[in-house]
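Chemist: My questions are about this predicted structure, shown below with the sequence.
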Amino acid sequence: MCSNGINTGQFEQMLTQIDDHIALERRWTHRLAHQAGDAGFTTVDDKLHSVQELLDEARALLADAKDALEDDAANAPGVTVSLV
């Protein structure tokens, strides 16, 4: 559906694609953190867990953006297309 010149369905798919990518990076960060911790690299382990938390925050913000997209699209003024 297009709303105010934006294809909201496609926009939402792009947000989902970004979220999927961040989820993958989070999994890799989690694995690396545990490898570092198991090897005794506690500082690296701590830093990677901090990165993991930031990636969780980014995903939460993307979920908020999806909700906002739906709300904004519902409240957007209608677009009128006229044949000429």
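Modeler: Done, it's in. Residues are numbered from 1 along each chain as shown.

Chemist: hmm, which helix or strand of this structure has the shakiest average pLDDT?
Modeler: strand 2-3 (a mean of 54; mean pLDDT, DSSP states H and E).

Chemist: how about the helices in the chain?
Modeler: Here the chain has its helices, by DSSP state H, at 8-38, 42-75.

Chemist: For Leu55, grab the count of nearby residues.
Modeler: Counted with other CB atoms under 10 Å, the neighbours of Leu55 add up to 19. Quick note: C-beta positions are derived from backbone N, CA and C, even for glycine.

Chemist: Just to check, it is in contact with Leu24?
Modeler: No - Leu55 lies out of contact with Leu24 (CB atoms under 8 Å); the separation is 10.0 Å.

Chemist: circling back: got the helices of the chain as a markdown table, with mean pLDDT columns?
Modeler: Below are the helices of the chain laid out as a markdown table (pLDDT from 0 to 100):
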| stretch | mean pLDDT |
| --- | --- |
| helix 8-38 | 96 |
| helix 42-75 | 93 |
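
Chemist: Give me the residues contacting stretch 18-31.
Modeler: Leu48, Val51, Gln52, Leu55, Asp56, Ala58, Arg59, Leu62, Ala63 (CB atoms under 8 Å, 6 or more residues apart in numbering).

Chemist: before we move on, what about stretch 57-72?
Modeler: Counting by CB under 8 Å, 6+ apart, Ser3, Thr8, Phe11, Glu12, Leu15, Thr16, Ile18, Asp19, Ile22, Ala23, Arg26 sit against stretch 57-72.
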